[in-house]
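J.: got a predicted structure plus its sequence, pasted below:
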Amino acid sequence: MSKTEIQNIKDWYASQFSEYESKLNGQTKTFLHDLRKDALSKLNEMNFPTLKDEEWRYTNVSPILKHNFVHPLSVEKVEYTKEEISKYIFSGFDSHLVVIINGIFSEELSDIKNLPDGVVIGSLDKISRENPELIKNHFGKNIKLKNAFNFLNAAYSNDGLVLYVPNNKVLEKPIQVLYLNGNDNAEVLSVPRSFIYIGKSAEASVIANYRGMGKNPYLSNVINEFVIEQNAHLNYYKVQNESQNAYHIDLTDGYQNRDSVFNHLSLSFGGLIVRNDLASLLDDENIQTHYYGLYVGQQNQHIDNYTFVDHAKPNCESNELYKGILDDKARGVFTGRILVRQDAQKTNAYQSNKAVLLSEKTQVDTKPQLEIFADDVKCSHGAAIGRLDDVAYFYIRSRGVPEAIAKSMLIKAYASDVLDNVTIEEFKEQLNHMIFESLHRVEVE
């Protein structure tokens, strides 16, 4: 796109801000609105990513910028019943349910009960107005906004999830967050912003479930911010199954304190152009960070995963395993950056990225990056791209197993070391089923 076209799209979003601001119903007096106005001014200064940017060299966002997406507050509200959304909710296990429609928290559809004392699960909009001190000291302090998409979210986000778990509290049930996007009457801009704080020696598990409805394209432009305090544990499972004509941009930034554990598992099935940007700062000793990812692409999908682990202090460990399954003309991208700073002695950092190609027309780009400025470390990375195991496939077929089922068995085995990190068995089985559903050439029994 030309500079003029790019400036036009930035001017479009700037011109919509006054109307958006008029619909905020009291939010203009909160600390969040000061952040919004600051982000709006920087939006005009920042560029949308291009192929000339090293971190985006394999992903062309021009198709996204050809749309004038509108904020959901500017269009007729989409109403759903609990029965209508039930098919999108993972079942078979107890969970707290949060429902966010086009970036806006739904009190009516959410189901949050019997929380431990001090634990807060709620709307970013409501908490910023009624209890801002709960999040004000940490919100936005540890996240790095890097491009115009990020500042677009920061300027236009008026709601999202807040999870606050105080010291020494354990959430026994996972929190399931259903992000339901799309509108039959408009091309909407969904901009949820979520903040998760896990206090000292506290534990929680979150399932972020992104789904799409409606026939129109939309932009799901997400920011998630984590603060994980000393000896805290957070399991975060992201399942992205947006509409096939949707665009999904996700910036997730985590800050970890001493002895904390952060397990992040990302699964990407939907979306036409998808970018997952995941980063963690390991800012004290004895921290563990584990990134697991599986992406399944078909037709003309483009799925880009960018990870960054910043080892700032000694005696920490990070482990990354990402796998892709691609069919038709789908394209996958993985860039994994590990930075080991000079003070980060005794670091253990491992990274592995693999992809299996089911079609001659698929494409994968992979770029591992290790930057090591300490001398007493153990770091490694590896990448492998290929086809399904021909020997195993022939063996299974020779036992009379139909072609589609044989392929299903091999794909399940291939994905297992990623999904084995899911600790909720009923959830894991449903994820296995989703893998096969998303590949049109694989039949599901």
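T.: Okay, I see it. Since this is a predicted model, take the numbers as computed values, not measurements.

J.: where along this protein do the helices fall?
T.: All helices of the chain, identified by DSSP state H, fall at 3-22, 31-45, 62-65, 82-85, 124-130, 148-156, 390-398, 403-419, 425-438.

J.: just name the most buried of these.
T.: Of all these, helix 148-156 has the most neighbours on average by mean count of other C-beta atoms under 10 Å, namely a mean of 24. Bear in mind the C-beta positions are built from the backbone N, C-alpha and C, glycine included.

J.: from the contact counts, what lies against that one?
T.: Secondary-structure packing of helix 148-156 (3 or more C-beta pairs under 8 Å, 6 or more residues apart in numbering; DSSP states H and E): helix 3-22, helix 31-45, strand 219-228, strand 247-256.

J.: adding distance to residue 290 and mean pLDDT, write the ones you listed out as TSV.
T.: Formatted as TSV, the helices and strands packed on helix 148-156 follow (distance: least, C-beta to C-beta, whole Å; pLDDT from 0 to 100):
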stretch	distance to residue 290	mean pLDDT
helix 3-22	36	85
helix 31-45	31	90
strand 219-228	12	98
strand 247-256	11	97
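
J.: does residue 102 touch residue 185 like I think?
T.: No: between residue 102 and residue 185 no contact is recorded; they are 11.7 Å apart, counting by C-beta atoms under 8 Å.

J.: so these two - more neighbours on which side?
T.: residue 102 (27 against 11; other C-beta atoms under 10 Å).

J.: excluding covalently adjacent residues, which one is nearest to the more buried one?
T.: residue 72 (4.0 Å; C-beta to C-beta, 6 or more residues apart in numbering).

J.: can you put the helices and strands packed on helix 148-156 in TSV and add distance to residue 306?
T.: Putting these into TSV (distance: least, C-beta to C-beta, whole Å) gives the following:
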stretch	distance to residue 306
helix 3-22	21
helix 31-45	21
strand 219-228	14
strand 247-256	10
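
J.: of all the helices of the chain, which one is nearest residue 317?
T.: helix 403-419 (17.8 Å; C-beta to C-beta).

J.: distance of the spatially closest residue to residue 140 that is not a sequence neighbour relative to residue 307?
T.: Distance criterion C-beta to C-beta, 6+ apart; nearest residue to residue 140, sequence neighbours excluded, is residue 35 at 6.1 Å. Residue 35 sits 26 Å away from residue 307, going by C-beta to C-beta, to the nearest Å.

J.: the helices and strands packed on helix 148-156: which one's closest to residue 159?
T.: Nearest of those (C-beta to C-beta): helix 31-45, 9.9 Å.

J.: from the chain's centroid, how far away is the closest one?
T.: 23 Å (C-alpha atoms, centre = their mean, to the nearest Å).

J.: okay, the angle between that helix and helix 148-156?
T.: 140 degrees (axes from the mean of the first three to the mean of the last three C-alpha atoms, to 10 degrees).

J.: how far does stretch 241-257 sit from its chain's centre?
T.: Worked out by C-alpha atoms, centre = their mean, stretch 241-257 lies 3 Å from the chain centre.

J.: looking at the sheet around residue 384, what are its partners?
T.: residue 354 (DSSP bridges).

J.: that one contacts residue 354, doesn't it?
T.: Yes: taking contacts as C-beta under 8 Å, residue 384 lies within contact range of residue 354: 4.6 Å.

J.: ok, these two, which is more surrounded?
T.: residue 354 (20 against 11).

J.: my guess is that one contacts residue 325. True?
T.: No: using C-beta under 8 Å, residue 354 is not in contact with residue 325, being 9.9 Å away.

J.: how is the chain carved up into domains?
T.: According to automatic domain parsing, the chain is divided into the following domains: 3-284, 389-445.

J.: looking at those domains, which is buried most?
T.: Ranked by mean neighbours (mean count of other C-beta under 10 Å), the domains of the chain are led by domain 3-284, with a mean of 19.

J.: ok, back up a step: tell me which of the helices of the chain lies nearest to residue 55.
T.: helix 148-156 (12.2 Å).

J.: which outside residues touch that closest one?
T.: 10, 13, 17, 20, 35-37, 39-40, 42-43, 46-49, 61, 71, 145, 189, 191, 193, 221-223, 249, 251 (C-beta atoms under 8 Å, 6 or more residues apart in numbering).

J.: any idea of the mean pLDDT for that helix?
T.: The average pLDDT within helix 148-156 is 96.

J.: quick check: angle from it to strand 219-228?
T.: Going by the same axes, to 10 degrees, helix 148-156 makes 80 degrees with strand 219-228.

J.: please save the CA atoms from helix 148-156 in PDB.
T.: The C-alpha trace of helix 148-156 is given here as PDB (Å, rounded to 0.1, in the frame of the first residue of the first chain):
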ATOM      1  CA  ALA A 148       0.000   0.900  15.000                       C
ATOM      2  CA  PHE A 149      -2.100  -2.200  15.600                       C
ATOM      3  CA  ASN A 150      -1.100  -2.100  19.300                       C
ATOM      4  CA  PHE A 151      -1.900   1.600  19.600                       C
ATOM      5  CA  LEU A 152      -5.200   1.100  17.800                       C
ATOM      6  CA  ASN A 153      -6.200  -1.300  20.600                       C
ATOM      7  CA  ALA A 154      -4.900   1.000  23.300                       C
ATOM      8  CA  ALA A 155      -6.900   3.900  21.900                       C
ATOM      9  CA  TYR A 156     -10.200   2.200  21.200                       C
END
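
J.: centre of the chain to it, how far?
T.: 16 Å.

J.: could you do stretch 359-373 as well?
T.: With C-alpha atoms, centre = their mean, you get 19 Å for stretch 359-373.

J.: hmm, who's touching it?
T.: Outside stretch 359-373, the residues touching it (C-beta under 8 Å, 6+ apart) are 58, 297, 324, 326-342, 344, 349, 351, 353, 355, 357, 379, 381-383, 385.

J.: would you mark the buried spots in it?
T.: Neighbour-count burial for stretch 359-373, counted by 16 or more other C-beta atoms under 10 Å, picks out 362-364, 366-368, 372.

J.: worst mean pLDDT among the domains of the chain?
T.: Among the domains of the chain, domain 389-445 scores lowest, with a mean of 84.

J.: from the chain's centroid, how far away is that domain?
T.: 24 Å.

J.: number the residues from 163 up from this point.
T.: Fine by me, first position is 163 from now on; the one you just mentioned is domain 551-607.

J.: circling back to that earlier point, with distance to residue 482 added, can I get the domains of the chain in CSV?
T.: Below are the domains of the chain laid out as CSV (distance: least, C-beta to C-beta, whole Å):
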stretch, distance to residue 482
domain 165-446, 10
domain 551-607, 11
